[in-house]
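> Sequence and computational prediction follow.
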Amino acid sequence: MDSSSELIRDFVNTLHMDPKGDEEELQTPADLARWLQGRSLLDESKATAADLRSAKALRESLRRLLLANTGEDVDVDGACTVLNDTTKRAKLGLEFTAAMPALVPSAGGVAGALGRIVAAMHSSVTDGSWERLKACRARDCEWAFIDEAKNNSRQWCSMSSCGNREKARQYRKRHAHTTGAHGAT
């Protein structure tokens with residue numbers, strides 16, 4: 001899988017939802033700056049509280065779109081509004097290098113760095129890897145993953161954890177309904 005898909009997956013996974021307590025990597029503007037610098041998306045070391053809010057809004061919009069890739073009904077329009085706003089702030093434009101087009105932000109700082117994440121999404125759509133980027137359907141997880149199944153059919157980050165838990169939940173739900181119906185006769 002290409003680095004664009006991995007960047008998107010890693011960015012979405014900066015929030016690890018867990019029933020025992022969520023783990024947020026981007027708690028402060030400094031955390032955001034460090035994360036972006038660690039991926040060579042940001043040269044300068046400063047981020048603001050507004051930058052952090054923008055980054056989290058982008059992350060959750062991408063998560064919604066990854067859930068849509070598993071067939072979940074999500075607010076795609078709302079997610080696209082955030083992507084459009086991020087694109088405008090980053091001043092993304094088409095540039096050519098060696099006759100190859102690429103979306104490149106002309107804004108600097110965090111706005112430009114977030115624009116590079118949106119450009120990575122565009123790249124993954126263009127190269128066909130976008131549909132393989134998904135978020136786990138388990139509402140208490142929503143971990144981003146790259147579906148490497150031949151038929152692109154994975155719905156959960158892991159069948160051994162979230163998949164089995166969800167299937168057991170559905171079984172209990174069906175069984176409780178059947179038991180209730182028999183008990184009434």
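Perfect, I can see it now.
> in this protein, which spans are strands?
Ranges of strands within the chain are 15-16, 23-24, 92-97, 100-105, 133-135, 144-146, based on DSSP state E.
> Out of those, which gets nearest to Thr70?
strand 133-135 (4.9 Å; Cβ to Cβ). For glycine as for every other residue, the C-beta is placed from the backbone atoms N, C-alpha and C.
> What pairs with that closest one, parallel or antiparallel?
strand 144-146 (antiparallel) (DSSP bridges).
> so how far is the partner strand off the chain centroid?
8 Å (Cα atoms, centre = their mean, to the nearest Å).
> most tightly surrounded among the strands of the chain?
strand 133-135 (a mean of 26; mean count of other Cβ atoms under 10 Å).
> Which residues does it contact?
Under the criterion Cβ atoms under 8 Å, 6 or more residues apart in numbering, residues 5, 8-9, 12, 63, 66-67, 69-70, 124, 142-147, 154-155 lie in contact with strand 133-135.
> Average pLDDT for that strand, rounded please.
In this model, strand 133-135 has a mean pLDDT of 95.
> and that strand, how far from the chain's centre?
7 Å.
> Dump the strands of the chain to JSON lines, plus distance to Arg174.
Converted to JSON lines, those look like this (distance: least, Cβ to Cβ, whole Å):
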{"stretch": "strand 15-16", "distance to Arg174": "30"}
{"stretch": "strand 23-24", "distance to Arg174": "33"}
{"stretch": "strand 92-97", "distance to Arg174": "47"}
{"stretch": "strand 100-105", "distance to Arg174": "47"}
{"stretch": "strand 133-135", "distance to Arg174": "25"}
{"stretch": "strand 144-146", "distance to Arg174": "27"}
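> and of these, who's closest to Asp77?
strand 133-135 (17.9 Å).
> Next up, the contacts around Ser5.
Going by Cβ under 8 Å, 6+ apart, the list of residues near Ser5 reads Ala120, Ser124, Ser129, Trp130, Arg132, Leu133, Ile146.
> what's the farthest-apart pair in those?
It's Ala120 and Arg132 that sit farthest apart of the contacts of Ser5, by Cβ to Cβ, at 13.9 Å.
> okay, those two: which has more neighbours?
Ala120 (21 against 17; other Cβ atoms under 10 Å).
> List the contacts of that one.
Residues counted as contacts of Ala120 (Cβ under 8 Å, 6+ apart) are Ser3, Ser4, Ser5, Leu7, Ile8.
> which of those residues count as buried?
Among these, those scoring as buried are Ser4, Ser5, Leu7, Ile8 (criterion: 16 or more other Cβ atoms under 10 Å).
> so which of these comes closest to Ala138?
Once Cβ to Cβ is applied, the member of the buried ones among the contacts of Ala120 that ends up nearest Ala138 is Ile8, at 19.4 Å.
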